[in-house]
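J.: can you look at this prediction? I've put the sequence above it.
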There are 2 protein chains.
Amino acid sequence: MQRIAIDMDDVLADTTGRFIEYAYTRLGKKIKPVDLHGKNWAEVTEYEHVRNWLFEDNFFRNIKVMADSQDVMKKLCEKYEVFIVSAATEFPNSLKEKIDWLDEFFPFISWKYIVFCGHKYMIQADYLIDDHERNLVSFTGKPILFSAPHNIHLQAFTRVNNWQEIASMFL
Amino acid sequence: MQRIAIDMDDVLADTTGRFIEYAYTRLGKKIKPVDLHGKNWAEVTEYEHVRNWLFEDNFFRNIKVMADSQDVMKKLCEKYEVFIVSAATEFPNSLKEKIDWLDEFFPFISWKYIVFCGHKYMIQADYLIDDHERNLVSFTGKPILFSAPHNIHLQAFTRVNNWQEIASMFL
């Protein structure tokens, strides 16, 4: 059985949507996804705010789930060994929230297949679906880029734009 | 640089000592390490109690650090790429406590090198130092058994009895 490692933020969870919401409700700043093209969040608002939000309670808990990800994940889990691999240890408050979030939206994923880490390069898998270049370049299996505003300019990876495209590729 | 993955419970942290303390203060049961030879905690006290403690706040936060582990770890980190790899996602409350514990006793270890997981078999490293047979048998590098009462009967692995023996092996 082939193993797929799947990122959480901006792949399963609409974390950029959460950031846009916080920028508006906390700073009164209207940010559109297009404003984020090729940029990190810290480049379109004050870095210290973003940092603080990520360490706050509840930032990660109520993020919206990505369209079609639940259905496609359920099918992937029948055909592949699926691991959730989230670079989360930088944000200690996020860890329990991420477990609770997965329990709510992906109850069929056991804790046995959840990994929280810093670096992802020591994860052994056949595929990694991730939105961050830094995780994909050092991955030893086949890297797959999940589109997000910040990575829209990247050319070097096989790209999927949404969960339907993941279904077409793997199912 | 070679990579060493190091377990937390019963390797860096005296988690069995914590269990013995809880068995005494909560259940009035005096358990000696020798009573645990070849056994899991659940075999010497009621399983439901042990389970509950592991899900409780503060079980993991104030565990004693293993003798010599801080000094030896500091030196290991200069010579190897050291990852902490703890099977912790089963216990969501433990995650932040484990980060805080590492911050206190091993402040030189960055969040980038901390991994919380269920299964460890997809971790790519040259060595894994762990007290559990289930993690060592499926490891793709060289497994090293760290002695704990429950594993005292195992013969199949290179064994270290304490952190001084880890120093002798690696430094």
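T.: Here it is on my side, so go on. This structure is a prediction, so every number in the text was calculated from the model and none was measured.
J.: from here on, contacts and neighbour counts on C-alpha atoms
T.: Will do.
J.: so residue A:121, which of the three states?
T.: Three-state call for residue A:121 (DSSP: H, G, I helix; E, B strand; the rest coil): coil.
J.: lowest-scoring secondary structure element of chain A by mean pLDDT?
T.: helix A:47-55 (a mean of 88; mean pLDDT, DSSP states H and E).
J.: what residues of that one count as buried?
T.: Buried residues in helix A:47-55, defined by neighbour count with 16 or more other C-alpha atoms under 10 Å in any protein chain shown: A:50, A:53, A:54.
J.: let me see the contact set for the nearest residue to the second one once chain neighbours are set aside.
T.: Using C-alpha to C-alpha, 6 or more residues apart in numbering or on different chains and skipping residues adjacent in sequence, the residue nearest residue A:53 is residue A:59, 6.4 Å away. By C-alpha atoms under 8 Å, 6 or more residues apart in numbering or on different chains, the contact set of residue A:59 is A:18, A:53, A:94.
J.: so where's chain A uncertain?
T.: For chain A, no stretch has pLDDT under 70.
J.: which residues sit against the lengthiest strand in it?
T.: Identified as the longest strand of chain A according to DSSP state E is strand A:81-87. Strand A:81-87 is contacted by residues A:1-9, A:76, A:113-120 when judged by C-alpha under 8 Å, 6+ apart.
J.: quick one: the closest residue to residue A:101 other than its chain neighbours and residue A:13, what's the gap?
T.: Spatially, and ignoring its direct neighbours in sequence, residue A:101 is nearest to residue A:61 (5.8 Å; C-alpha to C-alpha, 6+ apart). Distance from residue A:61 to residue A:13, counting by C-alpha to C-alpha, to the nearest Å: 10 Å.
J.: what about those two, which has more around it?
T.: Just comparing residue A:61 and residue A:13: by other C-alpha atoms under 10 Å in any protein chain shown the higher neighbour count belongs to residue A:13, 23 against 17.
J.: in contact with the closest residue to the more buried one other than its chain neighbours, which residues?
T.: Of all residues not flanking residue A:13 in the chain, residue A:65 sits nearest, at 4.7 Å (C-alpha to C-alpha, 6+ apart). If you count contacts by C-alpha under 8 Å, 6+ apart, residue A:65 has them with A:12, A:13, A:14, A:105.
J.: please repeat the previous calculation with a cut-off of 10 Å.
T.: Neighbouring residues of residue A:65 by C-alpha atoms under 10 Å, 6 or more residues apart in numbering or on different chains: A:8, A:9, A:10, A:11, A:12, A:13, A:14, A:15, A:101, A:102, A:105, A:106.
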